[in-house]
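Student: Give the three-dimensional model of this entry:
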Amino acid sequence: MTTPFDSLPKELLFEIARHLQWSDFNAFRQIDRTNYHFLTTEGVLESIFPLERRPAKRAITSVVFKILQLDPILPSGHLGIDPFREVLEQLLSYANIKFSTRKYRDKWNFTELIWSRHRYEVCRQLGSEATVFDIPADLWATAHDARNGVQAANQLRKALMNNNGGWTFIAGTDLHDVRDMKLHYNLRELGKRYLRFAFAKREKGKRLDFIGSPIWKAVREVLGRRLDDALEYSNEFPSDLHDFQYLLQELKKELGLLNAMWELARDIYNITNGRKKFTKIYADGNSDGETFPYKRAGYVTQLGWHQLHTRDDAWEENGESDGAAGFYSQGTNFGSVALPASI
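Tutor: Numbers count the residues shown, from 1 in each chain. Coordinates of the predicted model:
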């Protein structure tokens, strides 16, 4: 069976292919024998989708998919729920993007290249200006005070910037103690960083910027919902300063975590859109280190990251391998926006 592409010169096929997005390229590559044999080569793939010459793209893809595999076992022996993984899965769900964390290894190097670009496509869709995040109406149904990400950020501003921290104490509490503890835990600076992300505005005339992008808007809602839980007691709190101190410790951890999540979302956007401002570790493609790229990620994430490296090392030593069949069949299905199933 012949197709309209059989008679086209390879130069023209290449020109068509290089103007396609990854999913469309994959469909075009497999449309007939002519396209398949010409476009299924490392040289063509590297010319059109040059991940190998883009260390930051390789690195952010590696980090994102390692996060999606984090399932830390806590000292208690129970499985932990990693907050980074939880947030990423929420964003993928709201954007209706399919993904798979199944391991794949094949002696044919081209298959490995296809596999890596499937995963990069997930990152690209997350950072795309064209992606629509469908935030469910019930996200804020059980919230304590806020009803959206802006209101949650305003609560944080009130809690951290006012003299008494926004908390109401029983008469007799020394407000100097409150201010001193806020300074001790660096809450003011952590809060300011969160607010800079949440309230920033895209510069007029700036076509591409993380601020104001679809992923920025979605992250503000998802993180705002977590922030609302962290600020549950911000309107009234007992006069026991020991309890208050514990609250500030937990708030410090949560703010550090939320800021790190903002940084991850910014890096996804900036790297996939060719912007230069991203976390330094990605510049050299260093995504396989022992430590998580974000300093304030928290104990659960750091532990999960370490355990993941341990499992990966064991997997490599045992030489385990999965076949190509069903590569996407065992992934997490979040809707109809699918990556190509066949390679």
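Student: remind me, longest helix of this structure?
Tutor: Counting by DSSP state H, the longest helix found in the chain is helix 241-272.
Student: for it, which positions count as buried?
Tutor: Neighbour counts over helix 241-272 (16 or more other C-beta atoms under 10 Å) mark 241, 244, 247-248, 251-272 as buried. The C-beta positions use only the backbone N, C-alpha and C, and glycine is treated the same way.
Student: can you check stretch 198-205 too?
Tutor: If you call a residue buried by 16+ other C-beta under 10 Å, then stretch 198-205 has these buried ones: A198.
Student: ok, back up a step: which elements pack onto the longest helix of the chain?
Tutor: helix 55-67, helix 83-94, helix 109-127, helix 175-184, helix 187-199, helix 214-230 (3 or more C-beta pairs under 8 Å, 6 or more residues apart in numbering; DSSP states H and E).
Student: average pLDDT across the fourth one?
Tutor: So that's helix 175-184. For helix 175-184, mean pLDDT rounds to 61.
Student: Q302 is nearest to which of the helices and strands packed on helix 241-272?
Tutor: For the helices and strands packed on helix 241-272, proximity to Q302 was assessed by C-beta to C-beta; helix 83-94 is nearest, at 10.5 Å.
Student: Contacts for the closest one, please.
Tutor: 64, 67-71, 99, 122, 126, 133-136, 215, 218-219, 222-223, 226, 257, 260-261, 264-265, 297-298, 300-301, 304, 332, 334-335 (C-beta atoms under 8 Å, 6 or more residues apart in numbering).
Student: Got a PyMOL select line for the buried ones in these?
Tutor: Buried members of the contacts of helix 83-94, defined by 16+ other C-beta under 10 Å, are picked up in PyMOL with:
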select buried, resi 64+67+68+69+70+99+122+126+133+135+215+218+219+222+223+226+257+260+261+264+265+297+298+300+301+304+334
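Student: Quick check: which ranges of this protein have low pLDDT?
Tutor: 1-6, 22, 41-42, 46, 49-53, 102-113, 161-185, 233-241, 286-290, 311-343 (pLDDT under 70).
Student: that older thread, let me have the helices and strands packed on helix 241-272 in CSV, extended by distance to K10.
Tutor: Formatted as CSV, the helices and strands packed on helix 241-272 follow (distance: least, C-beta to C-beta, whole Å):
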stretch, distance to K10
helix 55-67, 27
helix 83-94, 37
helix 109-127, 18
helix 175-184, 66
helix 187-199, 47
helix 214-230, 37
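Student: Check the separation of the first and last residues in stretch 65-79.
Tutor: 19 Å (C-alpha to C-alpha, to the nearest Å).
Student: And for it, what's in contact with it?
Tutor: Outside stretch 65-79, the residues touching it (C-beta under 8 Å, 6+ apart) are 80, 82, 84-85, 88-89, 99, 101, 119, 122, 264, 287, 300-301, 303-305, 307-308.
Student: From the recorded domain assignment, give the ranges for this protein.
Tutor: Each domain of the chain is listed here as a residue range: 10-132+286-318, 137-272, per automatic domain parsing.
Student: Turn those domains into JSON lines, including distance to F278.
Tutor: Converted to JSON lines, the domains of the chain look like this (distance: least, C-beta to C-beta, whole Å):
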{"stretch": "domain 10-132+286-318", "distance to F278": "7"}
{"stretch": "domain 137-272", "distance to F278": "4"}
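Student: circling back to that earlier point, tell me which of the helices and strands packed on helix 241-272 lies nearest to L39.
Tutor: Of all those, helix 109-127 sits nearest to L39, with 10.7 Å by C-beta to C-beta.
Student: in that closest one, what's buried?
Tutor: Buried residues in helix 109-127 (16+ other C-beta under 10 Å): 111, 113-127.
Student: what element comes up after it heading to the C-terminus?
Tutor: Next along the chain after helix 109-127, taking DSSP states H and E as the criterion, comes helix 149-161.
Student: and the angle from that following helix to helix 241-272?
Tutor: 130 degrees (axes from the mean of the first three to the mean of the last three C-alpha atoms, to 10 degrees).
Student: counting contacts, what elements does helix 149-161 pack onto?
Tutor: With contacts taken as 3+ C-beta pairs under 8 Å, 6+ apart, helix 149-161 sits against helix 187-199, helix 214-230.
Student: Just the angle for that helix relative to helix 214-230, thanks.
Tutor: Using the same axes, to 10 degrees: helix 149-161 against helix 214-230 is 50 degrees.
Student: Could you pull out the buried residues of helix 149-161?
Tutor: G149, Q151, A152, A153, N154, Q155, L156, R157, A159, L160.
Student: what's the answer for stretch 34-47, then?
Tutor: So stretch 34-47, judged by 16+ other C-beta under 10 Å, has buried residues T34, N35, F38, L39, V44, L45.
Student: tell me which element the fifth one falls in.
Tutor: The one in question is V44. V44 belongs to helix 42-48, assigned by DSSP H and E.
Student: same thing with the third one?
Tutor: When elements are defined using DSSP H and E, F38 is found to belong to helix 33-39.
Student: any idea how far that helix is from the chain center?
Tutor: In terms of C-alpha atoms, centre = their mean, to the nearest Å, the centre of helix 33-39 is found 35 Å from the chain centre.
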